[in-house]
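Student: Structure of the sequence below:
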Amino acid sequence: MSEQADISAEKQNDTAPEPRTPLATGSEQTGPLPAASDVALEDILPINARLFSEHRWHEYFARLRAEDPVHFNETDIAGRFWSLTRYEDIKKVDTDWKNFSSAHGIVLGFPVGAELPEGMLNMSTFIAMDPPTHDVQRKTVAGSVSPTNLGNMEALIRERTCTVLDALPVGETFDWVETVSIELTTMMLATLFDFPFEDRRKLTRWSDITFAIPQPGGIIESAQQRRDELLECLEYFQRLKAQRLENPGHDLVSMMAHGKDTKDLSPMEYLGNLLLLIVGGNDTTRNTMSGSVYALNQFPDEFTKLKANPDLIPQMVAEVIRWQTPLAYMRRTANHDIEIGGKQIKKNDQILMWYASGNRDDAVFEDPDRLDIQRPNARQHLSFGFGIHRCMGNRLAELQLRILWEELLRRFDTIEVQAEPERTFSSFVNGYTQMPVVVTRRS
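Tutor: Residues are numbered from 1 along each chain as shown. The predicted structure is shown next:
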């Protein structure tokens with residue numbers, strides 16, 4: 001099954017009506033979400049995007065962890081799927097690719113073997129593969145974020161960070177997401193792809209539409225719009241690939257164009273891997289950049305502690321990645337009948353590993369809803385995954401966040417969030433679309 005099949009099926013599940021429960025709709029639902037305690041346990045549908053866009057997911061997952069940590073749902077579109085909400089269950093599945101496959105996709109999709117809707121892009125990516133194919137395709141591009149390459153990029157990342165921060169208006173409200181988080185991550189993506197710098201916001205757009213839920217006035221209004229724009233992405237990168245075949249560099253496009261295991265990818269395989277790298281390098285880092293500012297506003301004592309001791313920045317970065325969890329879940333598919341947490345999982349059942357919930361599991365993290373920049377086990381977070389699919393760019397993300405906060409503390413005394421941020425309408429990307437802030441410079 002294709003990666004795009006996953007994407008579209010999740011979107012339809014977020015918006016398709018289910019009469020049993022008020023949580024089975026996303027964009028069609030009206031009125032406030034009920035308290036988690038007021039919903040019948042079997043009627044909790046964790047993939048409802050409103051839980052995340054309205055920042056209500058914490059209470060629902062807390063209830064699932066306490067009462068039903070291996071939680072079953074079934075819908076007409078996705079079929080049978082299970083939500084894992086406790087840390088140990090998630091880690092066990094994430095590290096066991098022999099029993100729990102990625103080859104059917106990484107987000108909630110159609111049942112295995114279901115016929116795909118006509119016109120759907122039949123993409124695949126190496127993250128949605130099992131060994132050995134996964135290993136050789138990942139290895140082809142892994143050098144872009146090797147320790148040596150990160151060391152070579154650090155000066156450039158710092159220079160660009162300084163340029164962006166020095167241009168911020170002082171004492172005036174501006175949107176942190178657009179002005180800082182998107183700009184910094186998009187510049188980094190353009191560098192990794194050796195992408196024309198003047199067109200770099202195309203990368204942001206393609207990242208945004210990959211997992212966007214079609215809705216009136218939304219990022220995209222139809223699945224057809226997503227298809228058309230992603231084909232434009234493919235066309236653009238096909239031109240870059242042709243150029244790099246003649247004049248190779250050290251960028252991701254050149255690596256794929258010349259790698260023995262990736263040079264002959266079909267157009268849809270090429271597009272799938274491009275989107276994986278774009279989303280992985282954009283959504284995760286940019287939403288943690290925004291999340292770090294929001295978190296330190298929510299816990300001002302931790303910000304005071306950080307200003308007093310900037311040596312805590314690396315530890316703070318790990319803790320913010322845990323606290324934010326920029327990608328809320330990943331999917332696996334059961335290769336055969338198997339038991340998890342006393343529940344009988346059937347072959348081909350989809351399994352959602354809710355990283356966002358596991359990162360708030362008080363069996364692992366003391367007082368987990370609190371940001372603690374000195375948390376001793378912060379680096380044990382699930383946000384990067386475990387096993388063979390552990391995030392390839394995790395060190396790059398940490399580097400960008402560390403440099404950002406080193407330069408922020410040198411310049412600004414306060415970074416004050418002026419209103420609750422607007423959040424991404426998605427149950428997969430746990431992110432921000434707008435966050436008004438005011439900064440004051442250090443005296």
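Student: Count the neighbours of Ser222 for me.
Tutor: Neighbourhood size, Ser222 [other C-beta atoms under 10 Å]: 12. (Glycine included, C-beta is placed from N, CA and C.)
Student: Distance check, it against Ala363.
Tutor: For Ser222, the distance to Ala363 equals 43 Å [C-beta to C-beta, to the nearest Å].
Student: per-residue confidence at Thr440?
Tutor: Here, the pLDDT recorded for Thr440 equals 96.
Student: Rounded mean pLDDT for stretch 294-308, please.
Tutor: Summarised as a single mean, pLDDT over stretch 294-308 is 98.
Student: What are the buried residues along that stretch?
Tutor: Neighbour-count burial for stretch 294-308 flags 294-297, 299, 302-303, 305-307 (criterion: 16 or more other C-beta atoms under 10 Å).
Student: Just the residues contacting that stretch, thanks.
Tutor: 312-313, 316, 320, 323-324, 370-374, 405, 409, 413, 415-417, 421, 432, 435 (C-beta atoms under 8 Å, 6 or more residues apart in numbering).
Student: again, 6 Å this time
Tutor: 312, 316, 320, 323, 371, 373, 417 (C-beta atoms under 6 Å, 6 or more residues apart in numbering).
Student: Over to stretch 278-293?
Tutor: Residues outside stretch 278-293 that contact it (C-beta under 6 Å, 6+ apart): 176-177, 181-182, 185, 189, 203, 206-207, 210, 320-321, 324, 326, 393, 397, 400, 415, 429, 431-432, 435.
Student: coming back round to it: take the buried residues of stretch 294-308 and keep only those in helices.
Tutor: 294-297, 302-303, 305-307 (DSSP state H).
Student: What is the nearest of these to Phe425?
Tutor: Tyr294 (17.4 Å; C-beta to C-beta).
Student: Look up how far Lys92 lies from the closest one.
Tutor: Counting by C-beta to C-beta, the gap from Tyr294 to Lys92 is 31 Å.
Student: cool, and Ser101?
Tutor: Taking C-beta to C-beta as the measure, Ser101 falls 15 Å from Lys92.
Student: more crowded one of the two?
Tutor: Between Ser101 and Lys92, counted using other C-beta under 10 Å, Ser101 has the larger neighbour count: 20 against 17.
Student: What about Pro267, how many residues nearby?
Tutor: Number of residues near Pro267 (other C-beta under 10 Å) recorded here: 14.
Student: for His71, same thing?
Tutor: For His71, using other C-beta under 10 Å, the count is 24.
Student: now it: how far from Leu396?
Tutor: In terms of C-beta to C-beta, His71 sits 34 Å off from Leu396.
Student: What of Glu406?
Tutor: The gap separating Glu406 from Leu396 is 16 Å, by C-beta to C-beta.
Student: which of those two has more neighbours?
Tutor: Leu396 (21 against 14).
Student: so that one sits in a helix?
Tutor: Yes. Inclusion of Leu396 in a helix is indicated when DSSP: H, G, I helix; E, B strand; the rest coil is applied.
Student: Name the SS class of Gln224, please.
Tutor: The three-state label given to Gln224 by three-state DSSP is helix.
Student: And the pLDDT at it?
Tutor: Note on Gln224: pLDDT of 85.
Student: Point to the residue nearest the middle of this protein.
Tutor: Leu327 (3.1 Å; C-alpha atoms, centre = their mean).
Student: backbone phi and psi for that one, please?
Tutor: When read as degrees, to the nearest 10, the backbone of Leu327 gives phi -110, psi 120.
Student: swap in Met353?
Tutor: Backbone torsions of Met353, given as degrees, to the nearest 10, read phi -90, psi 100.
Student: got TSV for the ones in helices among the buried residues of stretch 294-308, with distance to His336 too?
Tutor: Compiled in TSV, these are given as follows (distance: C-beta to C-beta, whole Å):
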residue	distance to His336
Tyr294	42
Ala295	41
Leu296	46
Asn297	47
Glu302	46
Phe303	49
Lys305	49
Leu306	48
Lys307	53
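Student: and of the residues you listed, the nearest to Glu88?
Tutor: Ala295 (25.1 Å).
Student: list the buried ones in the helix or strand encompassing Thr285?
Tutor: Following DSSP states H and E, the helix or strand that holds Thr285 is helix 267-298. Residues of helix 267-298 classed as buried: 268-297 (neighbour count, 16+ other C-beta under 10 Å).
Student: about what we covered before: in contact with the residue nearest to the centre of the chain: list those residues for me.
Tutor: Leu327 neighbours (C-beta under 6 Å, 6+ apart): none.
Student: Recalculate using a threshold of 8 Å.
Tutor: 283-284, 355, 383, 428-430.
Student: which residues of this protein score low on pLDDT?
Tutor: 1-30, 116-150, 388-393 (pLDDT under 70).
Student: at 50 instead, please
Tutor: Along the chain, segments meeting pLDDT under 50 span 1-25, 27, 126, 128, 132, 134, 136, 144.
Student: can you give me the strands in it?
Tutor: Assigned by DSSP state E, the chain shows strands spanning 70-75, 79-84, 100-101, 174-175, 330-334, 338-340, 343-345, 350-353, 412-417, 422-423, 432-434, 436-441.
Student: Verify the contact between Arg402 and Asp311 for me.
Tutor: No. Using C-beta atoms under 8 Å, Arg402 is not in contact with Asp311; the gap is 11.3 Å.
Student: Which one's more surrounded, these two?
Tutor: Taking other C-beta under 10 Å, Arg402 and Asp311 do not tie; Arg402 has more neighbours (17 against 7).
Student: Now for the more buried one: which residues touch it?
Tutor: 313-314, 317 are the contacts of Arg402 under C-beta under 8 Å, 6+ apart.
Student: And those residues, which is closest to Asp228?
Tutor: Distances from Asp228 to the contacts of Arg402, taken by C-beta to C-beta, are shortest for Val317, at 37.8 Å.
Student: Assess the claim that the closest one and Trp405 are in contact.
Tutor: Yes. Under the criterion of C-beta under 8 Å, Val317 makes contact with Trp405 at 7.1 Å.
Student: which ones are touching Phe60?
Tutor: In this structure residue 60 is Tyr, not Phe. Tyr60 sits in contact with 36, 39, 44, 46, 51, where contact means C-beta under 8 Å, 6+ apart.
Student: where's it relative to Lys92, distance?
Tutor: For Tyr60 relative to Lys92 (C-beta to C-beta), the value is 22 Å.
Student: Likewise for Arg332?
Tutor: Relative to Lys92, and taking C-beta to C-beta, Arg332 is found at 11 Å.
Student: picking that back up, name the nearest of the contacts of stretch 294-308 relative to Gly113.
Tutor: Gly113 lies nearest to Trp323 out of these, by C-beta to C-beta, at 38.7 Å.
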